[in-house]
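Student: have a look at this fold, sequence not included:
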């Protein structure tokens, strides 16, 4: 991951071309509003999204709910239809309709098939699916990441797309595509090493980004 060069940085509302096989939202008026919103935030996009129809996207470091807020703004502004998991109870009524429109996937946490099995089955049932996950599983700094994202990617036979928050430069960037191997410990160590520079510079708790 290049943390210094400004090549490949998108300043909204300049368009970012999505790869042809990536799932995407239609270019509606509300997407243009989100692009203007992202531009006002001062955050920018760095790198290139890979041309793959299925992937598990991991985003770190995760130090605040603001991370999810900006991630949501960016994915809509870019037009990238990246799904996310949420407990089934949140999908009731009008809020559930909005969550589904934004890419939410209802998860039954106490079902016979666990969350990992549910997501592997969903990957197998769809021609296009990008799933976003925070590997830390919490807003606090952790010594170990949760391995659910790796198990989903490995079980579904899809690559991992590392996305990083570079707080000092106010950039959300994309790292190199990573295909999980049979060595979970080695894979986790490699991915953690990619994020080390950004984890060191991340604030302990982000109270605001504007």
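Tutor: Alright, I've got the coordinates. All of these numbers come straight from a predicted model, not from anything done at the bench.

Student: residues in a beta bridge with the residue positioned nearest the centre of the chain, which ones?
Tutor: Centroid check for the chain by CA atoms, centre = their mean gives residue 132 as the closest residue, at 3.8 Å. With DSSP bridges applied, residue 132 shows beta-bridge pairing to residue 57.

Student: tell me the pLDDT at it?
Tutor: Note for residue 132: predicted pLDDT of 93.

Student: how close does the closest residue to residue 19 other than its chain neighbours sit to residue 108?
Tutor: Among residues not flanking residue 19 along the chain, residue 51 sits closest, at 3.4 Å (CB to CB, 6 or more residues apart in numbering). Heads up, the C-betas are built off the backbone N, CA and C, glycines and all. In this view, residue 51 and residue 108 are 33 Å apart by CB to CB, to the nearest Å.

Student: next: residue 84.
Tutor: Distance of residue 84 to residue 108, computed by CB to CB: 16 Å.

Student: with residue 173 instead?
Tutor: Residue 173 sits 34 Å away from residue 108, going by CB to CB.

Student: of those two, who's got more company?
Tutor: residue 173 (21 against 13; other CB atoms under 10 Å).

Student: doesn't the more buried one lie inside a strand?
Tutor: Yes: under DSSP: H, G, I helix; E, B strand; the rest coil, residue 173 falls within a strand.

Student: so it bridges to which residues?
Tutor: Beta-bridge partners, per DSSP bridges, of residue 173: residue 46, residue 164.

Student: was I right about it contacting residue 46?
Tutor: Yes: counting by CB atoms under 8 Å, residue 173 does reach residue 46; the two are 3.7 Å apart.

Student: now the common contact residues for those two.
Tutor: Taking CB atoms under 8 Å, 6 or more residues apart in numbering as the criterion, residue 173 and residue 46 both touch residue 166.

Student: just the helices in the protein please.
Tutor: Along the chain, counting by DSSP state H, helices occupy 29-41, 65-78, 93-101, 115-125, 148-156, 184-201.

Student: so for residue 23, which of those helices sits nearest?
Tutor: Smallest distance to residue 23 across the helices of the chain (CB to CB): 10.6 Å, for helix 65-78.

Student: could you give the average pLDDT over that closest one?
Tutor: Per-residue scores along helix 65-78 average to 74.
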